[in-house]
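J.: Using only what follows, build the 3D model:
(2 chains)
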Amino acid sequence: MAVTRETAAAVKEVEQYKYGFVTDIESDKAPKGLNEDIIRFISAKKNEPEWMLEYRLKAYRYWLTLSDEEPAWAKLHFPKINYQDSYYYAAPKREKLASLDEVDPKLLETYKKLGIPLLEQQMLAGVAVDAVFDSVSVATTYKKKLEEMGVIFSPISEAVHKHPELVKKYLGSVVPYSDNFYATLNAAVFTDGSFVYIPKGLRCPMELSTYFRINEKNTGQFERTLIIADEGSYVSYLEGCTAPQRDENQLHAAVVELIALDDAEIKYSTVQNWYPGDADGKGGIFNFVTKRGACRGKNSKIMWTQVETGSAITWKYPSCILQGDNSVGEFYSVAITNNRQQADTGTKMIHLGKGTRSKIISKGISAGHADNTYRGLVRIGAKADQARNYTQCDSLLIGDKCGAHTVPYIETRNPTAQTEHEATTSKIGDDQLFYCMQRGMTQEEAVSLIVNGFCKEVLQTLPMEFAVEAQKLVGISLEGSVG
Amino acid sequence: MKPSLITEHSFGEAYAKRLGVAPWRGNLPGPKVEEWRFTPLRSLAKIVFAPADDVDVDAVPRTVPVIPGAARLVLVNGAYRKELSDANLGKGVEFSQGKVAAKEGSSLIALNAAYAPESLALHVTGAAKKIIHIISIGAAGAAPTALHPRITVTAEAGAAVTLVESHVGLPGETYFSNPVASITVGEGATVRRYVSVDEDSEAFHLATSLVKVAGGGTYEAFHLGLGGALTRQEVRIALTGENASVRLNGAYALSGTSHHDFTTVMDHVMPSCASSQVFKGVVDGESHGVYQGRIHVARDAQKTDARQVHKALFLSRGPQIDCKPELEIYADDVQCAHGAATGEIDPNHMFYLEARGIDPEPARALLVEGFLADAVNEMSDEVVRDIFGVAIGTWLKRRAVGSHA
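T.: Numbering: from 1, shown residues only, chains lettered A, B, ... in the order given. Predicted coordinates:
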């Protein structure tokens, strides 16, 4: 209840997009547009080895052949993106920082507004933050401590130099460069992101976290994240996003690859709260993300949790390939769309190994003029004996101008597998609202409370710090949707 | 991404010339067309079909059940055959034959409109006393044949009728049946329609039903799919008046390499309508079952109650099931739900029956019949329900004999 009160307070406090500010830092930019020179420029800027450049160019050349293949199957409407009208590289001016003191004070100010106390991190229990400001990681903390334990947690650009054997082995092994239009673009132009390697048998003692933030005007953000959990290890990774208010649509096409070997477990949590555009649908981030995890080893587990409240367009399907016998994939999602936002999100669970299990819990909330689509695939391969899937998709509509859609695909090739799918659509009951308001809550507080209850199953799976933030977000996102 | 089309097929100039009509200039949907992703038509397009020759059919096959007291309208290769029919429809129903108006629609509807002989039109003006049994027979003779039956049913306000359709074939060359049924349910009218598709094992059957239900009207349908190489029963229903109600149910039982596809679109246009769908299937051998159902609720269709269930049961290792239950909802004060599940026979259930002295094969048959009964029992006409139940029983026996061979 205390948290709910907090939510209510937050609803009151925040009248406009809370994170709508721009930090004024000069940035080091590549010219607008996309061609092989830009890719060479990015690669040169990062001082990359030859094989990395080759990989990028291979992806770029393939991307050129895809010009007609920009995915159009999602229930999303947006103007055609001119990929030549964007910057593909922007880095904060000062690089190579010796310590946190050297971080641009303005940058630190930005994080402060976002509630990331970078300077107070050592006191912040158990969270190491690898902060990505635009495209380059500028500060990495707790690194030493993690290093001692054998954990590699670094910007991927650094990992390319320090651990080329790991990057070479795993980069593109889950999401190949030819996977889809946006992933291919990412493979060509990705600027930075996180690299995580957890050694055998280690339970990573702290939650790893990266805050992504889009700041530079017209800069596409192309993060690349690669997480490898070696045999018997465990890691929980948090990703949170906020972006300043801008009028032009900003493109974001990230790729996240997870690899879990025998008995390993990866928990990946996201809170996405990028600028959604104003009430008339002007501005806002276009978010085209390819996230996929491979449960390579036996008994391995990958768990995706996402709270998607931001972005004008969300195109995102965190998936699990369950290769190892008895491996487990889980997907928990809350997607909230308000005003003119559009979200087409869901998951894919590909069961290949014996005894594989998957669980999908998706909660879609649609308000204003927004459209919210769950699109998911459960595929049971012929060899996936005793595979098990449970899917639940619930949609909540607030107002009569929005839409909620469910498009599940269930493809079964094995008789011993059991799949179950349930979906419902409903609205907030008048009696529920009445009950809350009769007890002195305002309508918005009541809606926030009811919606938080609707999402509870998903929010519970988030790590503590995130859960609190997410509950607040749920309330803020639906502000102005009732009455 | 451009939707791919199958442009190489046998329904162009040469086909039209044989009939002496204007050729169909359309194409068949390819695998990249979302609605056809699970049902590829490549194998169909490869066969050179011709319009039906005069095949000598002097009796309705004995596999077609006799419904007591029902009127019989028989189509052979899509054309009405008076001498095989008993067109005494009784009070409340009139029957006529008319030209098929070329209408916009899917490519299969257009193909049907281009080459259909005269359509069979039923005009229901009151409460019909007799069940009307329409029998469509595919008879290819010596060469692969295509047939395009067309049925139109118009039920006036307050009228009521029960229709049964049996789609069967005669042994011989392969054939392709492409029936289209347009059904209009007037205000407060009731139409019950029970369709059984049990085509020859080599045959293709791609049926489209277009149904419109006006305010206060009731449409109840059951579709059974038992045979054929490739069968698709596509049913598109629009609820166009307040308080309309639709119950659409179906079952399929597949063996060998049969492919069966149920595609349904339930379009709630107006407020306060209800629709429910129960589909059940059993798959054996290396067969392929498909269910894709879309519920669309328009902005104005408040107080909609729409439900949909699809469950499939595997009887062996080898078949595949693809299911896509879709909700597309634009109104907030609605109750919509869908469910889907697949699995095999619960060994505990088998054990229970075997422990009571029932042999495995009858025990399995009992469980399968029980499984399908959820859908079959939705039929409100008891006589037809029993007849369809017998057909399923026959399929199970056929399967049991096959598995012992």
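J.: The stretch 301-405 of chain B: strands as residue ranges?
T.: B:305-314, B:320-329, B:335-344 (DSSP state E, counting those that start in this stretch).
J.: Go through stretch A:471-481 and flag the buried ones.
T.: A:471-479, A:481 (16 or more other Cβ atoms under 10 Å in any protein chain shown). To be clear about C-beta, it is placed using only N, CA and C from the backbone, and glycine gets the same treatment.
J.: Under the pLDDT cut-off, which ranges of the chain? List them.
T.: You didn't pick a chain, so chain A it is. Counting by pLDDT under 70, chain A shows low-confidence ranges at A:1-28, A:90-143, A:210-220, A:241-249, A:480, A:482-483.
J.: Chain B, not that one
T.: B:1-3, B:102-104, B:401-405.
J.: Give me the neighbour count for the residue of the stretch 201-350 of chain B found nearest chain A.
T.: Using Cβ to the nearest Cβ, the single residue of the stretch 201-350 of chain B nearest to chain A is residue B:314, 3.2 Å away. Applying other Cβ atoms under 10 Å in any protein chain shown, we find 25 residues neighbouring residue B:314.
J.: Make sure it is actually in contact with residue B:364.
T.: No - the criterion here is Cβ atoms under 8 Å, and residue B:314 misses it with residue B:364 at 11.8 Å.
J.: Figure out which of the strands of the stretch 301-405 of chain B is closest to residue B:375.
T.: strand B:305-314 (8.8 Å; Cβ to Cβ).
J.: Which parts of the stretch 301-405 of chain B are helices?
T.: B:347-355, B:360-376, B:382-404 (DSSP state H, counting those that start in this stretch).
J.: Would you double-check that residue A:457 falls in a helix?
T.: Yes - under DSSP: H, G, I helix; E, B strand; the rest coil, residue A:457 sits within a helix.
J.: Work out for me the element the most centrally placed residue in chain B sits within.
T.: Centre of chain B computed as the mean C-alpha position; nearest residue by Cα atoms, centre = their mean is residue B:233, 4.0 Å away. Secondary structure assignment for residue B:233, by DSSP states H and E: strand B:230-239.
J.: Relative to that strand, what are the paired strands and their orientations?
T.: Paired neighbours of strand B:230-239 in the sheet (DSSP bridges): strand B:204-213 (parallel), strand B:259-268 (parallel).
J.: With respect to residue A:155, which of those strands lies nearest?
T.: Across the strands paired with strand B:230-239, closest to residue A:155 is strand B:259-268 (Cβ to Cβ), at 49.3 Å.
J.: Between strand B:320-329 and that closest one, find me the angle.
T.: Relative orientation of strand B:259-268 and strand B:320-329, computed by axes from the mean of the first three to the mean of the last three Cα atoms, to 10 degrees: 10 degrees.
J.: Which strands and helices lie in contact with the next helix or strand after strand B:259-268?
T.: Using DSSP H and E, the next helix or strand after strand B:259-268 towards the C-terminus is strand B:274-283. Judged by 3 or more Cβ pairs under 8 Å, 6 or more residues apart in numbering or on different chains; DSSP states H and E, the packing partners of strand B:274-283 are strand B:245-254, strand B:259-268, strand B:288-297, strand B:305-314, strand B:320-329, helix B:360-376.
J.: In PDB, list the C-alpha atoms belonging to the third one.
T.: I take that to be strand B:288-297. Extracted C-alpha coordinates of strand B:288-297, given in PDB (Å, rounded to 0.1, in the frame of the first residue of the first chain):
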ATOM      1  CA  HIS B 288      -1.600 -31.300 -40.500                       C
ATOM      2  CA  GLY B 289      -4.400 -29.400 -38.700                       C
ATOM      3  CA  VAL B 290      -4.700 -25.600 -38.800                       C
ATOM      4  CA  TYR B 291      -7.000 -23.200 -37.000                       C
ATOM      5  CA  GLN B 292      -6.800 -19.500 -37.400                       C
ATOM      6  CA  GLY B 293      -9.600 -17.400 -36.000                       C
ATOM      7  CA  ARG B 294      -9.800 -13.700 -35.900                       C
ATOM      8  CA  ILE B 295     -12.300 -11.800 -33.700                       C
ATOM      9  CA  HIS B 296     -12.600  -8.200 -34.800                       C
ATOM     10  CA  VAL B 297     -14.500  -5.800 -32.600                       C
END
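J.: From the contact counts, what lies against it?
T.: strand B:245-254, strand B:259-268, strand B:274-283, strand B:305-314, strand B:320-329, strand B:335-344.
J.: Nearest approach to residue A:59 belongs to which of those strands?
T.: Across the helices and strands packed on strand B:288-297, closest to residue A:59 is strand B:320-329 (Cβ to Cβ), at 31.6 Å.
J.: Neighbouring strands of the closest one in the sheet, and parallel or not?
T.: Strand B:320-329 has the following sheet partners, assigned by DSSP bridges: strand A:403-412 (antiparallel), strand B:288-297 (parallel).
J.: now the last one, how far from the chain's geometric center?
T.: Relative to the mean C-alpha coordinate of its chain, strand B:288-297 is positioned 13 Å out (Cα atoms, centre = their mean, to the nearest Å).
J.: and it with strand B:245-254, angle?
T.: 170 degrees.
J.: how much does strand B:288-297 deviate in direction from strand B:335-344?
T.: Using the same axes, to 10 degrees: strand B:288-297 against strand B:335-344 is 170 degrees.
J.: can you pull the contacts of the nearest residue to residue A:367 once chain neighbours are set aside?
T.: Excluding the flanking residues, the one nearest residue A:367 by Cβ to Cβ, 6 or more residues apart in numbering or on different chains is residue A:481, at 3.5 Å. Taking Cβ atoms under 8 Å, 6 or more residues apart in numbering or on different chains, we find residue A:481 in contact with A:338, A:367-368, A:398-399, A:447.
J.: List just the nearest of those residues to chain B.
T.: Taking the contacts of residue A:481 together and measuring to chain B by Cβ to the nearest Cβ, the closest member is residue A:399, at 6.0 Å.
J.: Kindly indicate whether the residue nearest to residue A:367 is helix, strand or coil.
T.: coil.
J.: Check residue A:452 too.
T.: Relying on three-state DSSP, one would call residue A:452 helix.
J.: okay but it is in contact with residue A:471, surely?
T.: Yes - between residue A:452 and residue A:471 there is a contact at 5.6 Å, judged by Cβ under 8 Å.
J.: Could you tell me how many residues sit around the residue of the stretch 101-250 of chain A found nearest chain B?
T.: Minimum separation of the stretch 101-250 of chain A from chain B (Cβ to the nearest Cβ) falls at residue A:181, amounting to 9.9 Å. Using other Cβ under 10 Å, residue A:181 is surrounded by 18 other residues.
J.: got it, and residue B:348?
T.: Residues lying near residue B:348 (other Cβ under 10 Å) number 7.
J.: And the one 10 residues further on, by the same measure?
T.: Here the number of neighbours of residue B:358 (other Cβ under 10 Å) works out to 15.
J.: From residue B:349, how far out is it?
T.: With the distance defined as Cβ to Cβ, to the nearest Å, residue B:358 ends up 11 Å from residue B:349.
J.: Now for residue A:75: which residues touch it?
T.: A:342, A:344, A:371, A:373, A:375, A:405, A:407.
J.: quick one: which helix or strand includes the fourth one?
T.: Using DSSP H and E, the element containing residue A:373 is strand A:371-380.
J.: Would you mind measuring the gap between the ends of stretch A:194-204?
T.: 16 Å (Cα to Cα, to the nearest Å).
J.: For the closest residue to chain B within chain A, which non-adjacent residue is closest in space?
T.: Proximity of chain A to chain B (Cβ to the nearest Cβ) peaks at residue A:415, 3.2 Å away. Among residues not flanking residue A:415 along the chain, residue B:314 sits closest, at 3.2 Å (Cβ to Cβ, 6+ apart).
J.: One more: residue A:382?
T.: That would be residue A:413: by Cβ to Cβ, 6+ apart, it lies 4.3 Å from residue A:382.
J.: Burial check on the one you found, number of neighbours?
T.: 21.
J.: Turn the strands paired with strand B:230-239 into JSON lines, including mean neighbour count.
T.: Shown next, in JSON lines, are those (neighbours: other Cβ atoms under 10 Å in any protein chain shown):
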{"stretch": "strand B:204-213", "mean neighbour count": "24"}
{"stretch": "strand B:259-268", "mean neighbour count": "24"}
